[in-house]
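Enquirer: here are the coordinates; sequence isn't available:
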């Protein structure tokens, strides 16, 4: 399970979150991104939290909506289906409105191509940019069209490995609780066998530690098990590396916060993402929490079975 270090939202999943009054004066949010990446889910999460949510608003009407004298924030969904959609025009309108004094956040939802193809296959819907061609063609075209928005976004959320529940939680954590100042930290473990996390800012490779996979008793366990944690800690390289890592983070995190960075994802990887990276991510999360840096720990690949993520045999070793 993912382990939130900060307290969970006390509101129910389908409640109104902190409520409209608590959001008075909060930034407006423009939600965009790839079709199938979760824009509707993100908008519903913002609406549940107290935002006025509007989807697929024509760009010509956006200035009038954002200029309304109302202290409560608006969440607007805009994508390639929007009438007269043009990324450059959208960015210009956002800049014009932001210059008037009310901050506007641009949220971009990204997703891996293979996952988008799978989602469109499940819904049996054609891609809006490729109604009579393969879904992959529409995804490639849309990714090209939306590239300027992704580059300019205040926050990019990759939903490749996220359920709707995960996405709603991330939207609440990163947009609804948007008080200035704190640096929101996410610490994730992953397996190199499935590729790097797409939203990682800092990546640390834990494959220099002895692999619990080669211990038959530890192989079926994961990095949350005390026996695996003890195995990782017992490696002679762990203690000095961990000490230097924490010293490095103690230098970097204040700098990121000073420079106005609101969100940071620190990723720890090992071969399969079940043992070493999980244990180290947990230990780092606990140490940072004790040092006054609240964080959310997420384990991307921990739930995979040992056979799904089994590394190639080391020289002279079998898989038995």
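Expert: Received, thanks. Note that the structure is a prediction, hence the values are computed from the model and not measured.
Enquirer: Give me the neighbour count for the nearest residue to residue 207 once chain neighbours are set aside.
Expert: The shortest distance from residue 207 to any non-neighbouring residue, by Cβ to Cβ, 6 or more residues apart in numbering, is to residue 270 (5.5 Å). To be clear about C-beta, it is placed using only N, CA and C from the backbone, and glycine gets the same treatment. Residue 270: 31 surrounding residues under other Cβ atoms under 10 Å.
Enquirer: is residue 270 in a bridge, and if so with what?
Expert: The bridge-partner assignment for residue 270, based on DSSP bridges, gives residue 191.
Enquirer: tell me the contacts of it?
Expert: By Cβ atoms under 8 Å, 6 or more residues apart in numbering, the contact set of residue 270 is 189, 191, 192, 205, 206, 207, 209, 211, 276, 277.
Enquirer: among the residues you listed, which ones are buried?
Expert: Buried by 16 or more other Cβ atoms under 10 Å: 189, 191, 192, 206, 209, 211, 276, 277, out of these.
Enquirer: Please convert those residues to a markdown table, extending it with pLDDT, distance to residue 132 and secondary structure.
Expert: Below are those laid out as a markdown table (pLDDT from 0 to 100; distance: Cβ to Cβ, whole Å; DSSP: H, G, I helix; E, B strand; the rest coil):
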| residue | pLDDT | distance to residue 132 | secondary structure |
| --- | --- | --- | --- |
| 189 | 96 | 42 | strand |
| 191 | 95 | 38 | strand |
| 192 | 95 | 39 | helix |
| 206 | 97 | 47 | coil |
| 209 | 97 | 52 | coil |
| 211 | 96 | 49 | coil |
| 276 | 97 | 48 | helix |
| 277 | 97 | 44 | helix |
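Enquirer: so what's the residue nearest the centre of the chain bridging to?
Expert: Nearest to the centroid of the C-alpha atoms of the chain, with distances taken as Cα atoms, centre = their mean, sits residue 157, at 4.3 Å. Residue 157 forms beta bridges with residue 109, as assigned by DSSP bridges.
Enquirer: quick revisit: what's the pLDDT at the residue nearest to residue 207?
Expert: Looking at residue 270, its pLDDT reads 96.
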